[in-house]
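>>> how would this look folded up:
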Amino acid sequence: MKRIGILGGTFDPPHIGHLVIAEEVRMALHLEEIWFIPTYEPPHKQEASIEVNKRLAMLESAISDNTSFHINTIEIERSGKSYTYDTIKSLNNRYSDTEFFFIIGGDMVEYLPHWHKIDELMRMVKFVGVKRPGYSLTTPYPIQEVEIPMIDISSSLIRERLYKNESIRYLVPDSVYTFIKGNHLYE
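Just a heads-up that it's a prediction; the model follows:
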C-alpha cells in the first residue's frame with residue numbers, strides 16, 4: 001500500500017508553516033508523498049479572500065521544488081463547500097491501494113467533535129495532529145501526534161501584515177512573495 005499524507009486548506013496564501021508541517025510529517029511517518037488539497041470554499045471558515053485559481057497558482061509555486069509534494073484538485077473540481085468526509089470517501093474509492101494520513105493542526109484537533117460525519121471519517125482515514133501555538137492536541141478521537149518545530153505563522157497573519165503594508169518576506173516562499181507582489185494581492 002502507498003502511504004500518502006493529505007494537507008488540506010484554503011492556502012490563502014500558502015506559507016512556510018504549511019511546508020514545514022508537510023515535510024516534517026512526511027519524514028516522521030515515512031510517507032511517500034504529501035498531497036495538498038486546496039478547498040474551493042472552506043466549510044468552517046469565511047470565504048477565501050483570493051479567487052481559487054490564484055490560490056492554486058501560489059500553492060503550485062510554493063511546492064514546486066519538492067518532488068514529494070503534489071496538488072490534488074478534487075475539492076476545486078467539486079466546487080462549493082467541501083467536507084473532509086466527502087473528499088476522503090472519493091479518494092478511498094479512487095485509490096484503493098493507498099493509505100491516507102490526514103494532517104491537521106491543533107486548532108482543528110480541538111474542533112474534531114464538530115466535524116461533519118466525524119465518526120465515519122475516523123474509520124476511513126488516519127488523523128495526524130501537529131501542535132500549533134495556543135492549542136493542545138486533546139481530543140476524544142484517536143490521532144497520531146507528530147512533533148514539529150513550532151512556527152507561529154498563519155495565512156491570516158500574512159494577510160493582516162499585507163493589509164498594514166508590513167513585510168511578509170521569509171514567512172512565505174520567495175515564489176509566493178513574488179506572485180503576491182506581482183499580482184497586487186491582499187492590498
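>>> off-centre distance for the helix-or-strand element of the chain with minimal mean pLDDT?
Lowest on mean pLDDT, DSSP states H and E among the helices and strands of the chain sits helix 106-111, with a mean of 87. For helix 106-111, the separation from the chain centroid amounts to 13 Å (computed by CA atoms, centre = their mean, to the nearest Å).
>>> what does that helix contact?
Contact with helix 106-111 is made by 44, 127, 129-132, 134-139, 143, as judged by CB atoms under 8 Å, 6 or more residues apart in numbering. To be clear about C-beta, it is placed using only N, CA and C from the backbone, and glycine gets the same treatment.
>>> I'd like the average pLDDT over stretch 32-49.
Computed over stretch 32-49, the mean pLDDT rounds to 84.
>>> first-to-last residue distance for that stretch?
32 Å (CA to CA, to the nearest Å).
>>> now stretch 4-24
13 Å.
>>> same question, stretch 137-147
With CA to CA as the measure, stretch 137-147 spans 11 Å from end to end.
>>> in that stretch, what's buried?
By neighbour count, with 16 or more other CB atoms under 10 Å as the criterion, the buried positions of stretch 137-147 are L137, T139, I143, V146.
>>> farthest pair within those residues?
Greatest spatial distance in the buried residues of stretch 137-147: T139 and V146, 14.8 Å, computed using CB to CB.
>>> tell me the pLDDT of the residue lying closest to Y141 once chain neighbours are set aside.
Among residues not flanking Y141 along the chain, L112 sits closest, at 5.1 Å (CB to CB, 6 or more residues apart in numbering). pLDDT recorded at L112 is 92.
>>> let's have the buried residues of stretch 137-147 in JSON lines, adding secondary structure and pLDDT.
Compiled in JSON lines, the buried residues of stretch 137-147 are given as follows (DSSP: H, G, I helix; E, B strand; the rest coil; pLDDT from 0 to 100):
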{"residue": "L137", "secondary structure": "coil", "pLDDT": "85"}
{"residue": "T139", "secondary structure": "coil", "pLDDT": "90"}
{"residue": "I143", "secondary structure": "coil", "pLDDT": "95"}
{"residue": "V146", "secondary structure": "coil", "pLDDT": "94"}
